[in-house]
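Q: pasting the structure only:
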């Protein structure tokens, strides 16, 4: 695996971790941008001083952020926040890279969830390749497993794809507490955001399922968030979990996708089922043509965890 | 993924399934050998008539078996039975392929468990690459996940790697039956061999752990079966499982490997732990530097299942 030059756009937890870990994986960061600035160095940026500057001054460098897209690099790592609809500015970043025949590794779900057909069209016209392991299940190797099996051999994918919602439901079940109480606890722990809607309404899980459905459909049809049938956990009462427990069952927010449909909803699962992961863990269950059912579970989110998926993708590029 | 020409050596459940599924994955079988014969066709063998001939006459063709190694092919699939010590004849098959600068995909554990240093030395001298996903955990993508993380980022690997032993222990626990009784049941079902030693004594699980340890050690040291500390399930009494259950625990044959040691033994695990898979399922748990703990479970054996891992490896070759 040869070392590559990375331009990292997005300086949040994921972008910062990619920059921090790149050298360990044999790569060099030649550009790094946040929303208002960039630092560029064809010989490799000074990672430590850049991260210090970001922490103390709130910016990574003194160049304009666009300078990162103009830099010399082999792979653009797009780690700006996920946006819906036109998936901008992330989509333009990847378009710029592909038009320069550079590779793109996405941690940003927007382009692959909302503009998959546009993305694959650009990729066909480019010598660059687009990979996006980090967009589904964080550290869990979901998309590379689907790729190795070949998407046509995967008949369905389902799983627990949002750690915040799973933490809340598994705590409600374990402690017999109500939703509002556990949500407040999750917010105190930093497991849920101040505005938790994206997680508890099922939107985040749905985006990941839409991405999976796009991969499984292999171009036969294109999915966007609007195609997903989504129900979150906000209305799951503690009593439902108690009733379920009497029957050896529990409730989890399960996303399911086949090449025909995408659905996210709270579902009853046996307490000892593989799908009944606890805490913030995620799990993906793949139904395959020849290999039966594969279960892959692990940490679905976090800076270093997601960076590890980004760097695995860099390693899989030619 | 471009289609490749495969020479398949070994016509048991795995070799037969690889030949049967190759076209579905876009590849052509140009040679196929069993222990006493071969069929060779540079344009692709007639798969259906060859498999019929094997079933009715006990041979795949009318050529000498060595003809397969002399054929025109891109990838040798080595699926002859695992042998220990000198790992022959499998090792010679792979040597011949590498000396011709062809790739090798192994389902045969012998060469990577018993002669890893010899194999990697031959690989360094060759333009061909050796892959061996199918040797550890059947359909479960263990080695490709380790490769994507990079072995240096995996601090330990442990798991249930033998379906026969796991079936026996999980049945003993579920039904409160003794070892001999459940072993007989497993043999009737075809889950255990007439001579079950390889499975119940822990040898098969140990070979898989030795292979994992060789990969994790990245050439710093070489492991063989002799380096593994192995204890099987033959002496686990039903009473031990009952006692464990009183404490919410159960017993599984667990293999564990780090870059320093390889050990297989029956162990207590919580009943609801990921490691407490049931039936013939396998699970591998990877401890990683940045991505926490990853669990991957699925079918560890079977013709189509293992062939699916072989064909995933073919797809990952350049």
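A: Thanks, I have it. Note that the coordinates shown come from a computational prediction; the quantities given were computed from them, not determined experimentally.
Q: ok, residue A:274 - contacts?
A: Neighbour list for residue A:274: A:283, A:285, A:295, A:297, B:297 [criterion: Cβ atoms under 8 Å, 6 or more residues apart in numbering or on different chains]. To be clear about C-beta, it is placed using only N, CA and C from the backbone, and glycine gets the same treatment.
Q: what are the phi and psi values at the second one?
A: Think residue A:285. Note on residue A:285: its backbone torsions stand at phi -110, psi 120 [degrees, to the nearest 10].
Q: which residues does it bridge with?
A: For residue A:285, the beta-bridge partners are residue A:158, residue A:295 (DSSP bridges).
Q: so it is in contact with residue A:159, correct?
A: Yes. Taking Cβ atoms under 8 Å as the definition, residue A:285 is a contact partner of residue A:159 at 5.5 Å.
Q: need the residues touching each of the two.
A: With Cβ under 8 Å, 6+ apart, residue A:285 and residue A:159 have common neighbours residue A:275.
Q: when these two are compared, which one has more neighbours?
A: Legend: neighbour count by other Cβ atoms under 10 Å in any protein chain shown for residue A:285 and residue A:159, higher for residue A:159 (31 against 21).
Q: list the residues that contact that one.
A: By Cβ under 8 Å, 6+ apart, the contact set of residue A:159 is A:137, A:254-255, A:275, A:282-285.
Q: if we use 10 Å, what do you get?
A: Shown in contact with residue A:159 (Cβ atoms under 10 Å, 6 or more residues apart in numbering or on different chains): A:136-137, A:140, A:142, A:205, A:208-209, A:212, A:252-257, A:274-275, A:277, A:282-286, A:295-297, A:300.
Q: also residue A:286?
A: Residue A:286 makes contacts with A:142, A:145-146, A:149, A:153-159, A:212, A:216, A:292-296, B:141, B:298, as judged by Cβ under 10 Å, 6+ apart.
Q: same check on residue A:289?
A: A:149-150, A:152-155, B:21, B:24, B:304, B:308.
Q: please spell out the ChimeraX selection for the buried subset of these.
A: Buried residues within the contacts of residue A:289, by 16 or more other Cβ atoms under 10 Å in any protein chain shown, are selected in ChimeraX with:
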select /A:149,150,153,154 /B:21,304,308
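Q: let's see which of the contacts of residue A:289 end up in helices.
A: Counted as lying in helices by DSSP state H, out of the contacts of residue A:289, are A:149, B:21, B:304, B:308.
Q: for residue A:261, grab the count of nearby residues.
A: Residue A:261: 14 neighbours (other Cβ under 10 Å).
Q: name the nearest residue to it, sequence neighbours excluded.
A: residue A:229 (7.3 Å; Cβ to Cβ, 6 or more residues apart in numbering or on different chains).
Q: re the thing from before, of the contacts of residue A:274 - the most surrounded one?
A: Busiest of the contacts of residue A:274 [other Cβ under 10 Å] is residue A:283, holding 27 neighbours.
Q: and it, what pLDDT?
A: Looking at residue A:283, its pLDDT stands at 97.
Q: ok, it - contacts?
A: Contacts of residue A:283 by Cβ under 10 Å, 6+ apart are A:137, A:140, A:142, A:158-161, A:166, A:252, A:254, A:273-277, A:295-298, A:300, B:274, B:295, B:297.
Q: in helices, which of those residues appear?
A: If you go by DSSP H, the contacts of residue A:283 have A:142, A:166 in helices.
Q: geometric centre of chain A: which residue is closest?
A: Most central in chain A under Cα atoms, centre = their mean is residue A:135, positioned 2.5 Å from the mean C-alpha point.
Q: if I look at residue A:156, how far off is residue A:287?
A: Computed as Cβ to Cβ, to the nearest Å, the residue A:156 to residue A:287 distance reads 4 Å.
Q: common neighbours of these two, please.
A: If you check residue A:156 and residue A:287 against Cβ under 10 Å, 6+ apart, the residues they both contact are A:258, A:293.
Q: and the closest residue in space to residue A:125 that isn't next to it in sequence, which helix or strand is it part of?
A: Using Cβ to Cβ, 6+ apart and skipping residues adjacent in sequence, the residue nearest residue A:125 is residue A:98, 7.4 Å away. Using DSSP states H and E, residue A:98 sits within helix A:90-99.
Q: got the buried residues for that helix?
A: A:90-91, A:93-98.
Q: ok, now stretch A:38-50?
A: Neighbour-count burial for stretch A:38-50 flags A:38-41, A:45, A:47, A:50 (criterion: 16+ other Cβ under 10 Å).
Q: go through those and name the one nearest chain B.
A: Nearest to chain B out of the buried residues of stretch A:38-50 is residue A:47 (Cβ to the nearest Cβ; 15.6 Å).
Q: now the closest one. Nearest residue, chain neighbours left out?
A: Sequence neighbours aside, residue A:19 is the residue nearest to residue A:47 in space, at 5.8 Å (criterion: Cβ to Cβ, 6+ apart).
Q: in terms of secondary structure, what does the helix or strand in which that neighbour is found contact?
A: Assigned by DSSP H and E, residue A:19 belongs to helix A:13-21. On a contact count with 3 or more Cβ pairs under 10 Å, 6 or more residues apart in numbering or on different chains; DSSP states H and E, helix A:13-21 meets strand A:5-9, strand A:28-33, helix A:47-57, strand A:75-78, helix A:303-316.
Q: rerun that using 7 Å as the cut-off
A: Applying 3 or more Cβ pairs under 7 Å, 6 or more residues apart in numbering or on different chains; DSSP states H and E, we find helix A:13-21 packed against strand A:5-9, helix A:47-57, helix A:303-316.
Q: for residue A:64, find the nearest of the ones you listed.
A: With Cβ to Cβ, the closest approach to residue A:64 among these belongs to strand A:5-9: 12.5 Å.
Q: each with direction, which strands does that closest one pair with?
A: Here, using DSSP bridges, strand A:5-9 pairs with strand A:28-33 (parallel), strand A:75-78 (parallel).
Q: report the rounded mean pLDDT for the helix holding residue A:19.
A: Per-residue scores along helix A:13-21 average to 97.
Q: between helix A:303-316 and that helix, find me the angle.
A: Between the axes of helix A:13-21 and helix A:303-316, defined by axes from the mean of the first three to the mean of the last three Cα atoms, to 10 degrees, the angle is 60 degrees.
Q: quick one: residues in contact with helix A:13-21.
A: Applying Cβ atoms under 7 Å, 6 or more residues apart in numbering or on different chains, the contact partners of helix A:13-21 are A:8, A:29, A:32, A:47, A:51, A:77, A:79, A:107, A:303-304, A:306-307, A:310-311, B:290.
Q: next: stretch A:114-131.
A: The contact list for stretch A:114-131, computed with Cβ under 7 Å, 6+ apart, reads A:84-85, A:87, A:91, A:94-95, A:97-99, A:101-106, A:111-112, A:214, A:219, A:222, A:224-225, A:313, A:316-317.
Q: try stretch A:65-81
A: Stretch A:65-81 is contacted from outside by A:4-10, A:12, A:14-15, A:18, A:30-38, A:40, A:42, A:89-90, A:93-94, A:96-97, A:102-108, A:310, A:314, A:317, using Cβ under 7 Å, 6+ apart.
Q: now do that stretch, average pLDDT.
A: Averaged across stretch A:65-81, pLDDT comes to 97.
Q: please apply the same query to stretch A:168-185.
A: 95.
Q: how long is it end to end?
A: Counting by Cα to Cα, to the nearest Å, you get 9 Å between the two ends of stretch A:168-185.
Q: can that stretch be said to contact chain B?
A: No. Using Cβ under 7 Å from any Cβ of the partner chain, stretch A:168-185 never reaches chain B; the gap is at least 11.9 Å.
Q: centre of the chain to that stretch, how far?
A: Distance of stretch A:168-185 from its chain centroid, counting by Cα atoms, centre = their mean, to the nearest Å, is 25 Å.
Q: with stretch A:116-134 instead?
A: 16 Å.
Q: now that stretch: buried residues?
A: A:116, A:118-119, A:122-123, A:126, A:128-134.
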